[in-house]
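A.B. asks: Let me see the structure of the following:
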Amino acid sequence: MNKLSIGPQLRTTSVLVVHLLVMHCSRGQSKLIGSSQPIVATVGDDIILPCHLEPAVDVAAMTLEWSTSELDLRFVFVWRAGQELVKTKHPSYKGRTSLFTDELKQGNISLKLCKVKPADEGTYLCFIANLNKASLVELVVGAAASPVISLKEIEVIKGGVVLQCESKGWYPEPELLWLDTEGKILSAGPTETVRGPDDLYTVSSRVTVEKRHSNNITCRVKQSNINQIRETQIHVPDGLFDVLFSSLIVILSLGVGLAVSFMLIVFIVLWRIIKSKRRQREENYKMEVEKKSKHVNQLMTESQKLKKERQKSEDQIQQLENRIQELEKQLQAKNEKWFPWFRS
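C.D. replies: Next up is the predicted model:
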């Protein structure tokens, strides 16, 4: 809600000055009476800010003014020469303020304010210019709404449930509390507060309820300034916690079973991997042995081949030597025949 632009000290001084004027101007026969207690209104309501002369004086032909310090003493309603001066009215109050014109002759200049908004809160000045009389009326605006509790989560491991409480449409900003059956405040998460474009607040909070807590849980939203309290209660049955405990046992059992199964699967996979690697090594060794054996056989074959070729060569050499000897003998015989004197 937008407050007036002047500072708090100046506003207080202005209100004191108005009070002094009221005291000074109340020395005549009639007194302008407002309200000694703040007027508390709910957002959206139609309310009346009381102001009247006592004893009664006809003010129908006088100049009557309603203004508020929240608007730097700008007008929310002006009555002059028997009619309303619409042009002087602040735009935020257009179509929402009026007087009881048929009661002006009885000195009643109370202001009717329709569809109250949070921004309407503040101090209002009722002033009769002709009599130089004034009175103050304090308006306190509030709004309240019942909270709503919902189940948000189930924490099986902790054996508890998470409840959320939300309340929309408050003004001013309220306080949210969680209570057990005995009215003791429960430890809850931080309250989240959101202020909407209509200046109304929405508050929400979460709490984890465990079996050690009582079954009846209350969410209370309160605003001390407007003396408003709204609360909602929810019953958490014992059976729910028994179900959570059973679910926890089932989950733990499943967890253990899954862990054992996982370990078994891992063992089987590792065993197969090791077995596969061992088989691969054996096959590689076998292939290597076969390869070397084949190479040895090839070398032996080549060796035998070389031996045969060597033997063949030796046989050829021997044949050549025999042939040479034979030729030498033939040559010697011819020499002896042809050359008898020649002796080798």
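A.B. asks: If we go by neighbour counts, what in the helix or strand containing Glu166 is buried?
C.D. replies: Using DSSP states H and E, Glu166 sits within strand 160-170. By neighbour count on 16 or more other CB atoms under 10 Å, the buried set for strand 160-170 is Gly160, Val161, Val162, Leu163, Gln164, Cys165, Glu166, Ser167, Lys168, Trp170. (Glycine included, C-beta is placed from N, CA and C.)
A.B. asks: Number of residues surrounding Arg206?
C.D. replies: 18 (other CB atoms under 10 Å).
A.B. asks: Thought Ala188 was touching it, still the case?
C.D. replies: Yes - with contact defined as CB atoms under 8 Å, Arg206 counts as touching Ala188 (6.5 Å).
A.B. asks: Surely Lys31 is in contact with Ala56?
C.D. replies: No - here Lys31 does not reach Ala56: they are 11.1 Å apart, not a contact under CB under 8 Å.
A.B. asks: secondary structure class for Ser293?
C.D. replies: helix (DSSP: H, G, I helix; E, B strand; the rest coil).
A.B. asks: Burial check on it, number of neighbours?
C.D. replies: Ser293 has 10 neighbours, counted by other CB under 10 Å.
A.B. asks: before we move on, what about His90?
C.D. replies: Using other CB under 10 Å, the number of residues around His90 comes to 16.
A.B. asks: cool, Thr193 as well?
C.D. replies: 15.
A.B. asks: ok, what's across the strand from it?
C.D. replies: Val203 (DSSP bridges).
A.B. asks: just to revisit the earlier point, and the buried residues of strand 160-170, which is closest to Ser98?
C.D. replies: Ser98 lies nearest to Trp170 out of these, by CB to CB, at 28.3 Å.
A.B. asks: do you know how far the nearest residue to the closest one once chain neighbours are set aside is from Pro172?
C.D. replies: Among residues not flanking Trp170 along the chain, Tyr201 sits closest, at 4.5 Å (CB to CB, 6 or more residues apart in numbering). With distances taken as CB to CB, to the nearest Å, Tyr201 is found 7 Å from Pro172.
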